[in-house]
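In: pasting the sequence and the predicted model now:
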Amino acid sequence: MVSFVEVVITAASFGAAFALLALSINVIYSTSTVLNFAQGEFMMLGGMLGWAFYSALGLPYWLAVLLIVGCMGLVGLLEYSLVVRPLLLRRAADIAIMIATFGAAYVIRTATALGMGRVERPAKPPLGQTPVVIGHVPILPQSFVVIGLTCAVLVLAWWLYTRTTLGLALRAAAFDPDGAQLVGINVDKLNAVTFAGGGVLAGVAGLLISPLSYASPWFGITFAISGFAAAIVGGLGSWPGAVAGGIILGLANAIMLRYVSGQWGTFATFALMLLVLYVRPTGIFGERSAARFGTV
Amino acid sequence: MAHRNTTLTLAAVAAAIVIPALSGNGYVIQVASLAAIGAMMAVSLGILYGHAGQLSFAHAAFYGIGAYTAVVLHTQRGLDFFLSLLAGAALAGLAAFVVGLPTLRLRGNYLAIATMALQLGISEVFVNAKITGGSVGIFGIVRPAVFGISLESPAAYYVLLALAAVLVFALAQFIVHSRPGRALAAVREDETAASVIGVDIIRYKVSIFTITAMIAGLAGGLFAYQLEYVSPESFNLDWSIAVLSMVIIGGKRSALGAVIGAVIVTIVTQLLFSMGELQFLVYGLWIILIMLFLPDGLVSIWRTSYRKVREAGS
């Protein structure tokens, strides 16, 4: 029973981070239909910067968070304006844009490895390492940080999307980019906003998860697969889907770690993704019309 | 004119096979062998991406499946060399079929995501499974003799590789110009329109994905006997990306472009090998730069100038 509760806590912590990552993928995908393969590297970079600002430089945690929000927003914006925007303006094929974002992922990963060292860094958790014992279950304080901050970010994002003019414009552009453009919404600017936002969300996910494992320049690609898997399981483009997909992925990961072995995690993620694509290709919350092919 | 072109092509192919084989220089033979393998991979991915408009990040996985299968069946169980190669290709094709079936029914780029996950998942299997020899791999692979001719020497084996590459190239031309090939081009341009005029989109897409994966599996089996040992790092995502960059550098719509790309990337990889991680920065940058500034690859430069010359002449 105790070990089962531990599994659930681990699942919720990792699930929260994956949910943020899946959300960041969806935010960008909804408006521009770009699948950004650099998203996993954003998460990796968030963890590395968190290690640099908080563990190495010893800045206060709130300042580290703010700096990461700023840096990652900038990185997302840079990727958009240098790599994605020129291709969107040329109306390049989705696949061509995806390949270019993959190039960006390689650049970010290698630059990080060369600039910050290629080793795994132990990231310091802000509330310390001493487990809090609830009932008989020892729980790492970082689990509360991850789950709490994720909930806060989700509420903030939900408020932004449903209660502000910017959110309304984002939803309009996601629904019909050309129509939105016609009624005077600057879709190009919105895309820039989503890339900045996607960078921030993924970066925060990386910052939150790194004390539970490590910060390493090589984790980005695995993160990317987990994020895409969570987005697909929940339904590509769906916000509740991102949360549900993240939690399912977190649960699957925690079960694999606890009961099988840490060696087969990625293969399990792949198998889960493929299973969902066979059984329910639109994911849990996906719209049928959005993904299903050949409805003419 | 067409006649002269054919003669020239045949002469070039013969030279590409004979000159490295007779050079007597081990390094030249090795690089030429790797280029021939790269050409098979790039031509295969080129059909899938350039012609059918689908993207696979798992070509290295299919290549690995082909390599391990051939080695386990031929070297360890003593099955016939060519049968083992074919079994490897078949298994790679089966993996592609299983992944392609659900993903190619969907709009959007599910195949790219699913193949990326397959690639990383299979890499994990190669590292952890017993039959693949784990992270150490399998040593002691001896090049076979076929039809009574020993392929033991790298030069002799290079001739086999080059002939296989020519065969794959011819197969690609045949597929592209066949009726299903034209149907696939229609699917690439506009899936909805293609389905309206009666193209069974899903069947064609799944078939071409399976066939290109089989070619990758075959190339992998041949590679195992070129290198004489197999280990997981030969079959990771980086190799998938290297093949993809061969395709986009040469030109995604042209099999010749894929071959040119294969030769360039193989040589550059050899040159950059000592740079360590820095080489991946080069890969990333050139992928971005080509997508931005030369989306149809090097062959498009040649075509554009050719057209300009013709227009100036007329």
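Out: Received, thanks.
In: now B:Phe169: which helix or strand?
Out: Assigned by DSSP states H and E, B:Phe169 belongs to helix B:154-177.
In: residue contacts, A:Gly135?
Out: Listed by Cβ atoms under 8 Å, 6 or more residues apart in numbering or on different chains, the contact set of A:Gly135 reads A:Val5. From N, CA and C alone the C-beta is placed, and that goes for glycine too.
In: how far out from the middle of the chain is the helix holding B:Phe169?
Out: Offset of helix B:154-177 from its chain centre (Cα atoms, centre = their mean, to the nearest Å): 11 Å.
In: now do stretch B:225-245
Out: 11 Å.
In: what about it, how long is it end to end?
Out: 24 Å (Cα to Cα, to the nearest Å).
In: tell me which residues in that stretch are buried?
Out: The neighbour-count check on stretch B:225-245 (16 or more other Cβ atoms under 10 Å in any protein chain shown) flags B:225-228, B:230-232, B:234-245 as buried.
In: returning to what we had before: and the angle for the helix or strand following the helix holding B:Phe169 with helix B:154-177?
Out: Downstream of helix B:154-177, the first helix or strand assigned by DSSP H and E is helix B:179-189. Using axes from the mean of the first three to the mean of the last three Cα atoms, to 10 degrees, one finds that helix B:179-189 and helix B:154-177 are set 70 degrees apart in direction.
In: can you tell me if helix B:179-189 touches chain A.
Out: No - using Cβ under 8 Å from any Cβ of the partner chain, helix B:179-189 never reaches chain A; the gap is at least 8.9 Å.
In: mean confidence for that helix?
Out: The average pLDDT for helix B:179-189 rounds to 87.
In: all strands for the chain, in order.
Out: This is for chain A. Remark: strands assigned in chain A by DSSP state E are A:132-134, A:137-139.
In: actually it's chain B I care about, not the one you picked
Out: In chain B, the segments counted as strands under DSSP E are B:145-146, B:149-150.
In: A:Leu201: which of those strands is closest?
Out: Closest approach to A:Leu201 among the strands of chain B (Cβ to Cβ): strand B:145-146, 56.4 Å.
In: one step back: now the strands of chain A in TSV, with mean pLDDT, distance to B:Leu73 and mean neighbour count?
Out: Shown next, in TSV, are the strands of chain A (pLDDT from 0 to 100; distance: least, Cβ to Cβ, whole Å; neighbours: other Cβ atoms under 10 Å in any protein chain shown):
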stretch	mean pLDDT	distance to B:Leu73	mean neighbour count
strand A:132-134	84	55	11
strand A:137-139	84	50	16
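In: who wins for proximity to B:His51 among those strands?
Out: Among these, the nearest to B:His51 by Cβ to Cβ is strand A:137-139 (54.4 Å).
In: one step back: now for the helix holding B:Phe169, which elements pack on it?
Out: For helix B:154-177, the packing partners by 3 or more Cβ pairs under 8 Å, 6 or more residues apart in numbering or on different chains; DSSP states H and E come out as helix B:2-23, helix B:26-46, helix B:179-189, helix B:201-227, helix B:255-272.
In: report the buried residues of the third one.
Out: Think helix B:179-189. Quick answer for helix B:179-189 (16+ other Cβ under 10 Å): B:Pro180, B:Gly181, B:Ala183, B:Leu184, B:Ala185, B:Ala186, B:Val187, B:Arg188.
In: just those now: which is nearest chain A?
Out: For those, the residue nearest chain A by Cβ to the nearest Cβ is B:Arg188; the value is 8.9 Å.
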